[in-house]
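Chemist: Fold the following.
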Amino acid sequence: MSVKRHPALVVAHYGTLILLAVVCVAPIILMFATSLKLQTQIFNTGIHFIFAPTLENYRDVLGEDSFKRYLGNSLMVGVVSTVITLVLGCMAAYGPSGTSRNLRATCRATEALWHRMHCRYIHRRAFLRRGIQKDVSRSRCRFA
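Modeler: Next up is the predicted model:
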């Protein structure tokens, strides 16, 4: 059974989605349009959407001898950062996935560590900011 929505909410919803899509896509379009301008047109003040497009910038970049090196460096950085992200993400997802044997112990240890860090670091900073001269190490923290 589908829920009927007020037409104004539907219009507002899709209007917001269209606005967000324009905000996300506009920089990419502007960057591509800038790549088709001459250098003198790029550095003029203001953004002009009417101009004579040229492929001169692409000819200059692709004609350089070091373009392959630039492309190789970019690919290497992209591949290495993707592999590092995947490895760290897989290790981080393994713990809460339920496949580890000591999930409850892991959660308790993580909670204790977080509580200890919160009590010792955050409260100490709060006391120091307020100028309170008190021994924070003997606070009422459960795990301290």
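
Chemist: Check which helix or strand the most centrally placed residue in the chain maps to.
Modeler: For the chain, the residue nearest the mean C-alpha position is T85 (12.8 Å; C-alpha atoms, centre = their mean). Using DSSP states H and E, T85 sits within helix 67-94.

Chemist: what about this protein, any weak spots by pLDDT?
Modeler: Across the chain, the ranges flagged by pLDDT under 70 are 1, 95-107, 117-144.

Chemist: what do you get if the cut-off is 90, keeping everything else the same?
Modeler: 1-5, 38-53, 57, 60-68, 87-144 (pLDDT under 90).

Chemist: What segments of this structure are helices?
Modeler: Counting by DSSP state H, the chain has helices at residues 7-35, 39-42, 56-63, 67-94, 103-117, 123-130.

Chemist: CSV please, covering those helices and showing distance to H48.
Modeler: Where you see a C-beta, it was placed from the backbone N, CA and C, and this is true even at glycine. Listed next are these as CSV, based on distance: least, C-beta to C-beta, whole Å:
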stretch, distance to H48
helix 7-35, 9
helix 39-42, 7
helix 56-63, 16
helix 67-94, 29
helix 103-117, 53
helix 123-130, 51
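
Chemist: got the angle for the helix holding T85 vs helix 56-63?
Modeler: Here helix 67-94 points in a direction 90 degrees away from that of helix 56-63 (axes from the mean of the first three to the mean of the last three C-alpha atoms, to 10 degrees).

Chemist: now for helix 67-94, which elements pack on it?
Modeler: Here helix 67-94 touches no other helix or strand, going by 3 or more C-beta pairs under 8 Å, 6 or more residues apart in numbering; DSSP states H and E.
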